[in-house]
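Have a look at this prediction, sequence included:
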Amino acid sequence: MLYALKIAVRYLTANKAQTALLVTGVAVGVFIFIFMSALIGGLAEFILSRTVGDISHITIEAKTEDPALLIQSEGHVLAVAERGRTRAATLAEAATWLPLIEAVPAVKAVSPQITGAGFMTRGAQVAQVSVIGVEPGRESAILDLQGYMVEGEVRLGAGLIVLGRDLADDLSLSIGQTLRIQSSNGVTAALTLSGIFKTGNGGMDKARSFVSLSTARTLFAMPQGVTRIEIKLNDLNAADATALRIRALTGLDAVPWTDGAEQLMEALDAQAQTGYFLKTFALITIVIGVASALLLSTYRRRPEIGIMRAMGAGRGFVVFVFVTQGALIGLMGGVMGAALGYLALLPFPSRDAFKVGTLPMDITQGSYGLAITLTVIGAILASILPARAAARVDPVTAIGQ
Amino acid sequence: MSALLEVHDLFKTYGTGEAKTRVLRGLSLQLEKGELAALLGPSGSGKSTLLTILGTLMKPTSGSYVMLGQDMIAAGDANLTAFRNLHIGFVFQFHNLLPDFTALENVLFPTAVREGRETPAARRRGRDLLMRMGLADRIDFPTANLSGGQKQRVAVARALMNAPELVLADEPTGNLDRASAMQVMALIEQINREEGTTFLISTHDEKIAALCRRQIVVGDGVVTG
């Protein structure tokens, strides 16, 4: 078949302009394929990082148990046990589980937290806030608090607090000033503002505060354990599998972020489907282009095919010559398109540096290998029809032309 | 001499209904090994159809055809293709060379297509044949750059590449000037004499036919002389 390859190459090089045009056409199709892959992939990455990037990918919360009935039942007792809204359950043995969870390969960071609600007062101003107690040194483990700081610093020592921009403005607070906080447990403490953050998320900037874990223990009267463990993963798409693994390892109720994010997932799926359609159309264009060009070549070379058949070339040989041409066109166009796509994507910021106002292109999601492989397969499939037509050429009729 | 091929009671009909044309009407013929024969006859007499059938490029409507002891009518397409490659060479009126290939590449084609590559041995034979055709200085020329006579000599060399027992030539000199025609015929006569290759040459030219040792005249689809 080496000889068939030589004939195929010769046919392609015999008409350089036509071949170049054809290869360019294929390359444009591949370029579109790669561009769409990078755009759709980048867009999904961007949306996820914007919506899910700053939240816990897996959360473990203690199960809130029903209040116990203390009445000894003699005969029939009718009682209604109402679950308290503010009752905070605890993960008493969190310290035991943390090393185990941290050892799971996909886990990037673990943040044990004590969470609760309270009222913040300064002078006559009062604001309702949610309080999150985190371990000093792990302030930015889940939410990139350090990155969102606009004033002061993330310093969560004893007696310090970090607030959102809007909340600080509402209370007319600036760095170094003191405020009073009363927790839902009725504990009051005076805290000094050490930092102000701004995430761009209104709810967060207006009502969230961060304190150290020890301060939170005091506020919520929780001498041991935590109320929640938040886990961040290297790949947020691995949340479901990792949550299962953590559940199996610890027996704790690990909940992935995808629970309750069905609408977001549906939107991303719909976006991915759109991408598949566009990429499929690009491939169909390639197939039609290659098939029509080779079909034209078949008709143009009918007398030559007739001569080859008369000289002892079998139908298989003729098929191979034309299929090889298709494969070569696909390979050249695929590589050229992939290279062009890569070069075109280079100027775009990397996935970690997406900025609002620019196209969120992800150069790593160009699917270059897939694009080349599918193009070669598509071009081969496209060449089968012309190749079969060539093999069916009647030598007598063709030579007489 | 022994029989190279034998056809008996060949019929060939083209078309159906009112468009039906009977070209061969019970033609019988025997060619011996080493013959140099001219096939004569007016246009439409069935010369080209007979050559096409003898070249296994087409099957007759009925009749028998045996070459080198093998039944050419019963053989399938793949077998006929392989047989043709080994035992039959063709020279056409318009040379029919592959235009994107050099003279040597054209000559090598019948061997290369069988062996899957251009072997050094095949290259040596191809060069020898082209030198014998007086084309030593045109071996690596693209065929588009050759004259009509040179192209036809390349075609003769290609027909001889696999050392076939039979070469079928359909008006090989019909498109050449007298000098080139005589040059080609001299080569054919020389190869026939030296290598014993059988030639069946279809021609309208009686001078060309006179150079052959046997003249076969076809008329109305049968051999008339």
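Received, thanks. Numbering: from 1, shown residues only, chains lettered A, B, ... in the order given.

buried stuff in the longest helix along chain A?
Counting by DSSP state H, the longest helix found in chain A is helix A:262-300. Residues A:268, A:275, A:278-279, A:282-283, A:285-287, A:289-291, A:293-295, A:297-298 are the ones in helix A:262-300 that count as buried (16 or more other Cβ atoms under 10 Å in any protein chain shown). Just so you know, the C-beta spots here come from the backbone N, C-alpha and C atoms, and that holds for glycine as well.

show me where the chain has helices.
The chain I'm using is chain A. A:2-14, A:16-51, A:94-102, A:145-148, A:165-170, A:202-207, A:213-219, A:239-250, A:262-300, A:302-310, A:315-345, A:368-391, A:395-399.

meant chain B, my bad for not saying
Counting by DSSP H, chain B has helices at residues B:47-54, B:77-87, B:103-115, B:120-132, B:148-160, B:178-195, B:206-210.

which residues touch the second one?
When you say that, I think you mean helix B:77-87. Contacts of helix B:77-87 with the rest of the structure, by Cβ atoms under 8 Å, 6 or more residues apart in numbering or on different chains, involve A:309-315, B:55-57, B:67-68, B:70, B:72, B:75, B:110, B:113-114, B:162, B:164-166.

got the contact list for A:Gly41?
With contact taken as Cβ under 8 Å, 6+ apart, A:Gly41 is in contact with A:Gly275, A:Asp362, A:Thr364, A:Gln365, A:Ser367.

and it, what pLDDT?
Looking at A:Gly41, its pLDDT is 84.

And A:Leu294, by the same measure?
Looking at A:Leu294, its pLDDT reads 83.

where's it relative to A:Gly147, distance?
Note on A:Leu294: its distance to A:Gly147, by Cβ to Cβ, to the nearest Å, is 55 Å.

ditto for B:Val156
Where A:Gly147 is concerned, B:Val156 sits at a distance of 83 Å (Cβ to Cβ).

Between those two, which has more neighbouring residues?
Here B:Val156 and A:Gly147 are compared on neighbour count by other Cβ atoms under 10 Å in any protein chain shown; more neighbours surround B:Val156, at 24 against 11.

Now do the more buried one against B:Ala74, distance only.
Separation of B:Val156 from B:Ala74 (Cβ to Cβ): 31 Å.

and if you look at A:Ile286?
A:Ile286 sits 45 Å away from B:Ala74, going by Cβ to Cβ.

so who does A:Asp166 touch?
The neighbourhood of A:Asp166, defined by Cβ under 8 Å, 6+ apart, consists of A:Gly202, A:Asp205, A:Lys206.

circling back to that earlier point, next, the angle helix A:315-345 makes with the longest helix of chain A.
Relative orientation of helix A:262-300 and helix A:315-345, computed by axes from the mean of the first three to the mean of the last three Cα atoms, to 10 degrees: 130 degrees.

hang on, the earlier thing: neighbour count added to the contacts of A:Asp166, as a markdown table?
A markdown table is the format used below for the contacts of A:Asp166 (neighbours: other Cβ atoms under 10 Å in any protein chain shown):
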| residue | neighbour count |
| --- | --- |
| A:Gly202 | 10 |
| A:Asp205 | 21 |
| A:Lys206 | 18 |
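
Looking at the residues you listed, which one is closest to chain B?
Closest approach between those and chain B, by Cβ to the nearest Cβ: A:Gly202, at 70.9 Å.

Can you name the residues that contact that closest one?
Residues near A:Gly202 by Cβ under 8 Å, 6+ apart: A:Asp166.

do you know how far it is from A:Leu340?
43 Å.

And for A:Ala190?
Per Cβ to Cβ, A:Ala190 is found 63 Å from A:Leu340.

quick one, which of these two is more surrounded?
Between A:Ala190 and A:Leu340, counting by other Cβ under 10 Å, A:Leu340 is the more crowded of the two (17 against 10).

which residue packs closest to that one, ignoring adjacent ones?
A:Phe31 (5.0 Å; Cβ to Cβ, 6 or more residues apart in numbering or on different chains).

Let me see the contact set for the one you found.
Per Cβ under 8 Å, 6+ apart, neighbours of A:Phe31: A:Gly337, A:Leu340, A:Gly341, A:Ala344.

Could you report the pLDDT at it?
On the pLDDT scale, A:Phe31 gets 92.

export the contacts of A:Asp166 to TSV and tack on pLDDT?
As requested, the contacts of A:Asp166 are exported to TSV (pLDDT from 0 to 100):
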residue	pLDDT
A:Gly202	82
A:Asp205	90
A:Lys206	91
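
now, which of these sits nearest A:Glu304?
Of all the contacts of A:Asp166, A:Gly202 has the smallest distance to A:Glu304: 73.2 Å, by Cβ to Cβ.

how near is that closest one to A:Ile55?
To A:Ile55, A:Gly202 is 15 Å away according to Cβ to Cβ.

Please apply the same query to B:His87.
Per Cβ to Cβ, B:His87 is found 80 Å from A:Ile55.

the more surrounded of these two?
Each of B:His87 and A:Ile55 has its neighbours counted (other Cβ under 10 Å); B:His87 has more, 19 against 14.
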